[in-house]
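Undergrad: could you look at this predicted model? Sequence included:
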Amino acid sequence: MTSRIRRENRSTTMVVIDERALVSTDGEGVPVALEWRGSSYRVSDRPTVWTCTSGWWAPLAGFPPAFGGTPVSIGGWRFQATDLATGGAFVFDVVASSGSCWSVVRVYE
């Protein structure tokens, strides 16, 4: 499924998708390269991790923790990547699926 959203007063288009991709990471698990739709991209800025509430916390969601916040897990990464062939740059949101599989879930053009 692909949908396009154009935000008012901005030239950026966000495309919502869910497509498999190959993401290469460094020794700490941070994305450094992306292969998607037959193109190779190099991560060209510092990736930002985004978090979500840990899945095991779901049954306890109605009970706030006694101290601190709810436990979180890495939900995915957002990064700018540059197409090695064309030089075009995009911002990608990716999530790890299972094993070495990743999904591109949003692209900002």
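TA: Yep, it's here.
Undergrad: which stretches of the protein have low pLDDT?
TA: Counting by pLDDT under 70, the chain contains low-confidence residues at 1-11, 52-58, 60-61, 65-74, 99.
Undergrad: quick check: buried residues in stretch 83-95?
TA: Residues Phe90, Val91, Phe92, Asp93, Val94, Val95 are the ones in stretch 83-95 that count as buried (16 or more other C-beta atoms under 10 Å). Quick note: C-beta positions are derived from backbone N, CA and C, even for glycine.
Undergrad: from those residues, pick the one nearest Gly75.
TA: Using C-beta to C-beta, Val95 comes nearest to Gly75 of these, at 6.5 Å.
Undergrad: identify the bridge partners of the closest one.
TA: Bridge pairing for Val95 (DSSP bridges) gives the partners Ser103.
Undergrad: state the distance from it to Leu84.
TA: 23 Å (C-beta to C-beta, to the nearest Å).
Undergrad: could you do Arg46 as well?
TA: Arg46 is 19 Å from Leu84, where distance means C-beta to C-beta.
Undergrad: all strands for this structure, in order.
TA: 3-6, 13-25, 31-36, 39-43, 48-53, 72-83, 89-96, 102-108 (DSSP state E).
Undergrad: adjacent strands (with direction) for the second one?
TA: I take that to be strand 13-25. Here strand 13-25 is paired, per DSSP bridges, with strand 3-6 (antiparallel), strand 31-36 (antiparallel), strand 102-108 (antiparallel).
Undergrad: please save the CA atoms from that strand in CSV.
TA: Taking Å, rounded to 0.1, in the frame of the first residue of the first chain, the C-alpha atoms of strand 13-25 are listed here in CSV:
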residue,chain,number,x,y,z
THR,A,13,5.8,14.9,0.1
MET,A,14,5.6,12.0,2.5
VAL,A,15,5.0,8.6,1.0
VAL,A,16,3.6,5.9,3.3
ILE,A,17,4.6,2.4,2.3
ASP,A,18,5.6,-1.0,3.7
GLU,A,19,8.3,-2.5,1.4
ARG,A,20,11.2,-4.8,2.2
ALA,A,21,14.7,-3.4,2.1
LEU,A,22,18.2,-4.4,2.9
VAL,A,23,19.8,-2.2,5.6
SER,A,24,23.4,-2.4,6.5
THR,A,25,24.4,-1.4,10.0
